[in-house]
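J.: any chance you could fold what I've pasted below:
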Amino acid sequence: MTILVLPWVFWFFLRKKESTNRLLLSGLVVYLVTSTLDSIGVAFGLWHYLYTPLPYIHTFFVPWDVSAFPVMTMLLIQFKPQINPFIKAVFFALTVAFVFEPFFSWLDVYVPVKWEYYYGVPIYFFIYILAHSVSRRKHFEPIE
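T.: Next up is the predicted model:
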């Protein structure tokens, strides 16, 4: 439960208030992509979880899909915006693949079956670049 709530509390106090909606849209994109890919990975037996955060809801509401990954992405987008997004994407991908995944595996929350940590690096790279591009949209067309 801490993994679900604490990142959002942290983000709430650190966010740039003028950019809240833009950051939340990017976070939503990260959540949708990661939860979809997570469900696909479980369905194909690439990994499974020994922990269910809520009864009857497993891969569609994993704390890192709805909290840790979106919040980390939003904070990376917000801080040091002048840094090349590809550098941030590499940092995000390597951190998630080689820090978060092994840590959750060590905690016996996440069990990779037919998955190596480095498989996720290009996927996490793409997720960050997608979220970054969403955050840079200039405007939306008006609804008429």
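
J.: assumed residue 48 was part of a helix.
T.: No. Assigned with DSSP: H, G, I helix; E, B strand; the rest coil, residue 48 falls outside any helix and is strand.

J.: which parts of this structure are strands?
T.: 47-49, 110-112 (DSSP state E).

J.: residues contacting the most centrally placed residue in the chain?
T.: Nearest to the geometric centre of the chain sits residue 69, at 2.3 Å (Cα atoms, centre = their mean). Residue 69 makes contact with 30-31, 34, 96, 127, according to Cβ atoms under 8 Å, 6 or more residues apart in numbering. Bear in mind the C-beta positions are built from the backbone N, C-alpha and C, glycine included.

J.: for residue 27, which non-adjacent residue is spatially closest?
T.: Among residues not flanking residue 27 along the chain, residue 70 sits closest, at 3.5 Å (Cβ to Cβ, 6 or more residues apart in numbering).

J.: could you do residue 94 as well?
T.: Closest residue to residue 94 apart from its sequence neighbours, by Cβ to Cβ, 6+ apart: residue 121 at 6.6 Å.

J.: give the buried residues for stretch 82-92.
T.: Buried residues in stretch 82-92, counted by 16 or more other Cβ atoms under 10 Å: 85, 88-89, 92.

J.: okay if I get these as a markdown table plus pLDDT and distance to residue 48?
T.: Converted to a markdown table, the buried residues of stretch 82-92 look like this (pLDDT from 0 to 100; distance: Cβ to Cβ, whole Å):
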| residue | pLDDT | distance to residue 48 |
| --- | --- | --- |
| 85 | 95 | 33 |
| 88 | 97 | 30 |
| 89 | 97 | 27 |
| 92 | 96 | 24 |
